[in-house]
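1. here's a sequence, model it:
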Amino acid sequence: MIAIALILVFLFSIASHAANNAQESKGERSLPDKINGLHLSVELIDDEKNFRRADTFRIRVKLKNVSQSPITLYKEMSWGWLSSLFLGISDGRGRKVDTPFLEHAFPHPPFPKEDFIAIRPGEAIEKVRDVELKLYEIRKPGTYFVTVWYRSPVPQEFAPEGMKIWAMEEGRLESKPVKFRIIM
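-> Next comes the predicted model:
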């Protein structure tokens, strides 16, 4: 039990360090938005791009198969560094906007075949999410960016027997940042 806790702390510290580095890179993305045929994108669903600090807006996250072969993904995607998807907000200078909460989901084996979905070339999986700005420590008006990261929470060794999945070993995808404004 202690070993598992230490592993989780280690993984969280690596993920937290990666998030800080990615967001503090002055707007430059540090990870690709496409790896081995899987492309990650994010868009604001709302037509409005100007918000107040207490507003909520909606984003659409899309994982698209841009390869010539089917890609099998873990379909029970959740939010959190140890899960599939993670969201971050940065200011116009690329500095991370802090939040007092930590999203957490930790999928664990066994992973039955029913937990996976194959997407054919050209197909995509979409997730919609509300972003509650009041949960972020935005202190002044200006330009901000929302970025989403994706990583499979399942290593290939834990995939169902005989199933080739887009696994944790593939790496982490980082969406292109989407701009919005805070008008207070």
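
2. mind listing the helices for this protein?
-> Taking DSSP state H as the test, the helices found in the chain are 2-23.

3. low-confidence ranges in it?
-> Scanning the chain for pLDDT under 70 picks out 1-29.

4. now do the strands in it.
-> Applying DSSP state E to the chain gives strands spanning 34-35, 38-44, 50-51, 56-65, 71-74, 85-91, 116-119, 124-132, 142-150, 173-174, 178-182.

5. out of the ones you listed, flag the one nearest residue 164.
-> strand 71-74 (6.6 Å; CB to CB). Where C-beta positions appear, they are placed from N, C-alpha and C, glycine not excepted.

6. any idea how far the nearest residue in space to residue 172 that is not next to it in sequence is from residue 168?
-> Closest residue to residue 172 apart from its sequence neighbours, by CB to CB, 6 or more residues apart in numbering: residue 151 at 4.2 Å. Per CB to CB, to the nearest Å, residue 151 is found 6 Å from residue 168.

7. who has more neighbours, the two?
-> residue 151 (25 against 17; other CB atoms under 10 Å).

8. show me which residues of stretch 139-159 are buried.
-> Neighbour-count burial for stretch 139-159, counted by 16 or more other CB atoms under 10 Å, picks out 144-154, 158-159.

9. and of the residues you listed, the nearest to residue 137?
-> Checking the buried residues of stretch 139-159 against residue 137 by CB to CB gives residue 144 as the nearest, at 11.7 Å.

10. what is the closest one paired to in the beta sheet?
-> Per DSSP bridges, the residues bridged to residue 144 are residue 91, residue 180.

11. I'm done for today, thanks for sticking with me.
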